[in-house]
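Novice: Pasting the sequence and the predicted model now:
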Amino acid sequence: MLIGGLVTGVALPDLAAWLAPALVPTLAAMLCVAALREGPRAALPRRGAFGPALAATLVLQLALPLAAGAAFWTAGVLGQPVVTGMLLALAAAPITGAPGLAVMTGADAGATLRHLTLGTALLPFTAAPVFALLPVFPDPFAVLAGALRLLLLVGLAALVAAGLRAAVPAVTRPAARPALDGLMAIGMALVVVGLMSAVAPAAAGTPLVLAVTLALAFALHLAQTLGGWHAARRTLPRPEAQAVAIVAANRNLALFLAAVPSEVAAPLMVFVGCYQIPMYLTPLMLPRLTTARAA
């Protein structure tokens, strides 16, 4: 279904544009299903796990993008749209679909949900130093507002899920999990259609630029996945280490688009679309990558 969503978004850009307004409600529904599956308390750090989760968030959302930004500045390419996109992919919080990816790969969905909540809560603070490197962000408060809206969305999804679990106890039983997993897959497939609207025009107008952007998106995603997995696998159980790999590589770039002028956001959409492809191939790639390096 995820691959079908990718193909549909590229092949039918008009449909992608039509579905774009439904992105936020669909993301909210996905968060609610994830909280319904794992329980609302899964979004809160467990006792003794807050410190490591905080350290992981600060490394992923602050230290790595600042180090990469310094390297790009030294190379003189900091102003390129694809470089801006890569830095935002490093600085962003995990995508709201991360728990769904965890379910599909056998990773710890609860740990993924906790990383998502913490990363979103800290985003206004971790993103500010990164924006200091990027002159394309004239209004950092727009990102603060976007992060707060997303955090509110997470909280509301947890509250709705808590109400549903109390009103309909059957949804908490193991037999209900396949249906909830299917709902998350449907939601992610719909979301990606709306995010792929810039890929087809780029393929027709600037195919070489699209090919280079796609290659860079795959390379970055692979480096993020393997980096997160390698850093976590020696100290965490395998499902939790896979969760770290998922949140390290699947980042919510779309949140930053609201903070930039439209003339800057348009070129970024090509990278955003390309970056969706390796993200939505995570259920196919992650088990192979982590199995091959589990020894």
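Specialist: Looks like it came in fine.
Novice: and A92, what are its phi and psi?
Specialist: phi -70, psi 160 (degrees, to the nearest 10).
Novice: Wait, it touches N250, no?
Specialist: No: contact between A92 and N250 fails when scored by C-beta atoms under 8 Å: they sit 9.4 Å apart. All C-beta spots, glycine's among them, are computed from the backbone N, C-alpha and C.
Novice: and these two? which has more neighbours close in?
Specialist: Comparing A92 with N250 by other C-beta atoms under 10 Å, the one with more neighbours is N250, at 29 against 26.
Novice: Do I have it right that the more buried one meets G97?
Specialist: Yes: with contacts counted by C-beta under 8 Å, N250 reaches G97, the gap being 7.4 Å.
Novice: ok, R288 - how many residues close by?
Specialist: 9.
Novice: Against F271, how distant is it?
Specialist: Here the criterion is C-beta to C-beta, to the nearest Å. By it, R288 lies 25 Å from F271.
Novice: and A219, what does it touch?
Specialist: By C-beta atoms under 8 Å, 6 or more residues apart in numbering, the contact set of A219 is empty.
Novice: residues contacting the most centrally placed residue in the chain?
Specialist: In the chain, the centroid-proximal residue (C-alpha atoms, centre = their mean) is I95; its distance is 2.5 Å. Counting by C-beta under 8 Å, 6+ apart, I95 makes contact with L116, N250, R251, N252, M279.
Novice: and with 6 Å instead?
Specialist: Counting by C-beta atoms under 6 Å, 6 or more residues apart in numbering, I95 touches N250, N252.
Novice: Could I get the phi/psi values of it?
Specialist: phi -70, psi 150.
Novice: how close does it sit to L214?
Specialist: Taking C-beta to C-beta, one finds I95 at 19 Å from L214.
Novice: can you check L164 too?
Specialist: 40 Å.
Novice: neighbour-wise, which of the two wins?
Specialist: A count of neighbours by other C-beta under 10 Å puts L214 above the other of L164 and L214, at 20 against 17.
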